[in-house]
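In: Sequence unavailable; structure follows:
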């Protein structure tokens, strides 16, 4: 598998935004009231790249997936506390799944967290139904942190995100 994990270039943004939006839509993860607004967020890779590090998995010139790595808080952090990095918006194109791309992207984030000054932990939020992602996180040593589970849309009780952490 000749997949390279690298920082996203502006020429990758449209493709990665489409992959991310399609991954969430095809997996049935946008079935709540604000889905259109969040769909715009998923597509807006330029906004993420201005506030965090966006990585892509590429094979030759073809983008197969991506992830947002938030090294130390800022506007892209949802749950990170001081000394924590955060993983956001992990997505792999449907036709590229099952090839280890999601795991490679998460490993790249772990490597970046280990080289981030004063970073002692990496955290993430995920939906309850993202079982494939949960398996990746657990295989890489992440543990559930139920005390940090949260709801991004408080008036919709069924959107509680579950959380994981990895101590570095």
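Out: On my side now, so go ahead. Since we're looking at a predicted model, the values are computed, not measured.
In: switch to C-alpha atoms for all contacts and neighbour counts from now on
Out: Noted.
In: So, low pLDDT: which residues of the protein?
Out: In the predicted model, the chain carries pLDDT under 70 at residues 1, 27-36, 153-158.
In: Let's see that with 90 instead.
Out: 1-2, 22-42, 60-61, 72-75, 127-132, 150-160 (pLDDT under 90).
In: the strands in it, which residues?
Out: 4-7, 53-59, 62-70, 84-92, 121-126, 143-144, 162-167 (DSSP state E).
In: Export these to CSV and append columns for mean neighbour count and distance to residue 107.
Out: Compiled in CSV, the strands of the chain are given as follows (neighbours: other CA atoms under 10 Å; distance: least, CA to CA, whole Å):
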stretch, mean neighbour count, distance to residue 107
strand 4-7, 17, 10
strand 53-59, 22, 11
strand 62-70, 25, 11
strand 84-92, 25, 11
strand 121-126, 23, 11
strand 143-144, 18, 15
strand 162-167, 20, 11
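In: As a markdown table, those with distance to residue 46 would be great.
Out: Shown next, in a markdown table, are the strands of the chain (distance: least, CA to CA, whole Å):
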| stretch | distance to residue 46 |
| --- | --- |
| strand 4-7 | 12 |
| strand 53-59 | 9 |
| strand 62-70 | 11 |
| strand 84-92 | 13 |
| strand 121-126 | 21 |
| strand 143-144 | 30 |
| strand 162-167 | 25 |
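In: quick one: contacts for the residue nearest to residue 44 when sequence neighbours are not counted?
Out: Leaving aside its chain neighbours, residue 44 sits nearest to residue 17 (6.1 Å; criterion: CA to CA, 6 or more residues apart in numbering). Shown in contact with residue 17 (CA atoms under 8 Å, 6 or more residues apart in numbering): 42, 43, 44, 45.
In: run the last query once more with 10 Å
Out: Applying CA atoms under 10 Å, 6 or more residues apart in numbering, we find residue 17 in contact with 23, 39, 40, 41, 42, 43, 44, 45, 46, 65, 66, 91.
In: Could you tell me which of those residues count as buried?
Out: Neighbour counting with 16 or more other CA atoms under 10 Å marks 23, 39, 41, 42, 43, 44, 45, 46, 65, 66, 91 as buried within those.
In: Distance check, the second one against residue 135.
Out: It refers to residue 39. From residue 39 across to residue 135, the span is 25 Å (CA to CA, to the nearest Å).
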